[in-house]
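[1] return atomic coordinates for the entry below.
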Amino acid sequence: MTTKSENHTDFSAEAIHVENLSKHFGANKAVDQLSLSVRPGEIFGIVGPDGAGKTTTMRLLTSIMEPTSGDAWVGGLHIVKDSEAVKEHIGYMSQKFGLYQDLTVLENLDFYADLYGVPSRARTEIYDRLLSFSNLTPFRKRMAGRLSGGMKQKLGLACALVHTPKILFLDEPTNGVDPLSRRDFWKILTRLLAQNVTIFVSTAYLDEAERCTRLAMLHQGKLLSVGTPSEIRQLMRGSLVEIRSSQPRDAVVLLKHAFPPDSVTIFGDRIHLATRNTDLAIQEAKGILDKARIEVNSTRLIPPTLEDVFVSMLAEHQEIRP
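    Numbers count the residues shown, from 1 in each chain. Purely as a prediction, here's the structure:
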């Protein structure tokens with residue numbers, strides 16, 4: 001493994017730089033030859049299903065785990081050679097962030113301030129700013145165990161920011177949180193950009209991914225694509241047909257038998273059908289549903305969502321996999 005920090009390689013123009021990074025657990029390639037770069041002051045998202053390698057990537061870049069091969073630099077520091085310095089200069093919020101349930105909001109902040117060596121004289125101003133920022137000011141004396149799920153996530157974020165890092169790593173920070181709290185959490189992240197904080201976030205929610213500056217799509221440890229949400233939507237092969245039916249669940253079962261299963265997805269009362277021959281697909285779908293006496297209310301072409309694109313990319317990846 002090379003360590004370019006020894007050669008004083010300058011990555012000042014990049015917050016994160018990754019070259020052919022891999023992590024193997026026996027025969028399992030959790031991260032497989034990952035290469036990407038993140039610019040300062042952007043929200044960079046990594047998305048993918050469970051087992052895609054998102055958490056392993058986070059642990060590698062935060063110097064918690066050493067790679068099997070490859071290199072990465074965070075804030076110009078090598079994740080292996082400069083691992084302790086990396087940990088001091090970043091904020092990291094894992095999926096199960098270590099809040100102490102029997103400590104108050106302020107006591108949790110104190111704990112993390114102690115860990116990061118934040119001077120006592122600076123803490124009052126920092127705490128006031130973070131609590132105001134996260135709308136936790138009225139709850140500063142409440143036990144963490146008595147906070148709602150969304151409030152716990154905000155406190156976890158405040159603890160990760162207590163030492164004023166310029167690069168913040170968030171591993172599925174809104175997983176299991178209600179939609180309103182998810183929206184509030186992302187408002188906070190957007191405001192962090194005004195302070196030129198670089199945010200590297202993983203998420204399983206593709207509606208959240210739309211909020212990122214750029215995205216990396218992972219599957220089984222491999223990078224499928226990198227780009228802005230708009231650029232990734234343009235990777236959709238073929239067209240997307242929306243079918244509305246009064247019996248969508250019955251309809252989707254029939255269509256998955258008639259079309260490649262990965263080309264058919266359901267969203268409430270709507271079915272999305274990815275196809276390269278729009279007219280033929282609509283005609284065939286209507287015929288199948290009509291034969292089953294399932295009413296089709298409407299069909300139309302629609303622009304793809306990130307979820308549609310990701311599903312189509314996974315299907316294509318599985319077709320070409322040896």
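
[2] just list whatever residues bridge to residue 296.
    residue 245 (DSSP bridges).

[3] ok, it - contacts?
    Contact partners of residue 296, counting by C-beta atoms under 8 Å, 6 or more residues apart in numbering, are 243, 244, 245, 251, 285, 286, 289, 290. The C-beta positions use only the backbone N, C-alpha and C, and glycine is treated the same way.

[4] so how far is residue 255 from the fifth one?
    Read it as residue 285. To residue 255, residue 285 is 6 Å away according to C-beta to C-beta, to the nearest Å.

[5] intersection of neighbour lists for these two?
    With C-beta under 8 Å, 6+ apart, residue 285 and residue 255 have common neighbours 243, 273.

[6] residue 162 - that's part of a helix, no?
    No. Judged by DSSP: H, G, I helix; E, B strand; the rest coil, residue 162 forms no part of a helix; its state is coil.

[7] outline the domain layout of this protein.
    4-232, 237-303 (automatic domain parsing).

[8] of these, flag the one that's most buried.
    Mean neighbour count (mean count of other C-beta atoms under 10 Å) peaks for domain 4-232 among the domains of the chain, with a mean of 18.

[9] show me the helices in this structure, by range?
    Using DSSP state H, the helices of the chain run over residues 54-61, 83-89, 105-116, 120-133, 149-160, 179-193, 206-209, 229-233, 248-258, 278-291, 306-320.

[10] ok, which of those helices comes nearest residue 41?
    helix 179-193 (6.3 Å; C-beta to C-beta).

[11] can you list contacts of that closest one?
    In contact with helix 179-193 (C-beta under 8 Å, 6+ apart) are residues 41-43, 133-135, 148-151, 153-154, 157, 161, 168, 170, 173-174, 177, 199, 201, 205, 208, 211.

[12] one step back: among the domains of the chain, which is nearest residue 310?
    It is, among the domains of the chain and with distance given as C-beta to C-beta, domain 4-232, at 6.0 Å.

[13] off-centre distance for that closest one?
    10 Å (C-alpha atoms, centre = their mean, to the nearest Å).

[14] from residue 35, how far off is residue 20?
    From residue 20 to residue 35 the distance is 6 Å (C-beta to C-beta).

[15] apologies, that question was intended for residue 309.
    For residue 309 relative to residue 35 (C-beta to C-beta), the value is 21 Å.

[16] on that earlier part again, and the domains of the chain as a markdown table, adding distance to residue 314 and mean pLDDT?
    Formatted as a markdown table, the domains of the chain follow (distance: least, C-beta to C-beta, whole Å; pLDDT from 0 to 100):
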| stretch | distance to residue 314 | mean pLDDT |
| --- | --- | --- |
| domain 4-232 | 6 | 91 |
| domain 237-303 | 7 | 91 |
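
[17] can you add distance to residue 313 and give those domains back as JSON lines?
    JSON lines is the format used below for these (distance: least, C-beta to C-beta, whole Å):
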{"stretch": "domain 4-232", "distance to residue 313": "5"}
{"stretch": "domain 237-303", "distance to residue 313": "8"}
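
[18] ok, the nearest residue to residue 222 once chain neighbours are set aside - contacts?
    Sequence neighbours aside, residue 32 is the residue nearest to residue 222 in space, at 5.0 Å (criterion: C-beta to C-beta, 6 or more residues apart in numbering). Going by C-beta under 8 Å, 6+ apart, residue 32 touches 22, 53, 220, 221, 222.

[19] now tabulate the residues you listed in CSV and tack on distance to residue 139.
    Below are those laid out as CSV (distance: C-beta to C-beta, whole Å):
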residue, distance to residue 139
22, 43
53, 36
220, 41
221, 40
222, 43
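
[20] report the two of those residues separated the most.
    Between any two of the contacts of residue 32 (C-beta to C-beta), the greatest distance is 12.6 Å, for 22 and 220.

[21] hey, what's in contact with both of these two?
    Residues touching both residue 22 and residue 220 (C-beta under 8 Å, 6+ apart): 29, 32.

[22] mind listing the strands for the stretch 1-150 of the chain?
    For the stretch 1-150 of the chain, the strands defined by DSSP state E, counting those that start in this stretch occupy 16-25, 28-38, 43-47, 69-74, 77-78, 90-93.

[23] nearest to residue 297, of the ones you listed?
    Across those, residue 297 has its closest neighbour in strand 43-47 (31.4 Å, C-beta to C-beta).

[24] partners of that closest one in the sheet?
    With DSSP bridges as the test, strand 43-47 pairs up with strand 198-203 (parallel), strand 214-219 (parallel).

[25] and the angle for that strand with strand 16-25?
    20 degrees (axes from the mean of the first three to the mean of the last three C-alpha atoms, to 10 degrees).

[26] what does strand 43-47 contact?
    Counting by C-beta under 8 Å, 6+ apart, residues outside strand 43-47 touching it are 16, 38, 54, 57, 189-190, 193, 198-204, 206, 208-209, 211-218, 306, 310.

[27] end-to-end on stretch 199-207?
    17 Å (C-alpha to C-alpha, to the nearest Å).

[28] and if you look at stretch 85-100?
    25 Å.

[29] same thing with stretch 264-280?
    So stretch 264-280: terminal residues 15 Å apart, C-alpha to C-alpha.
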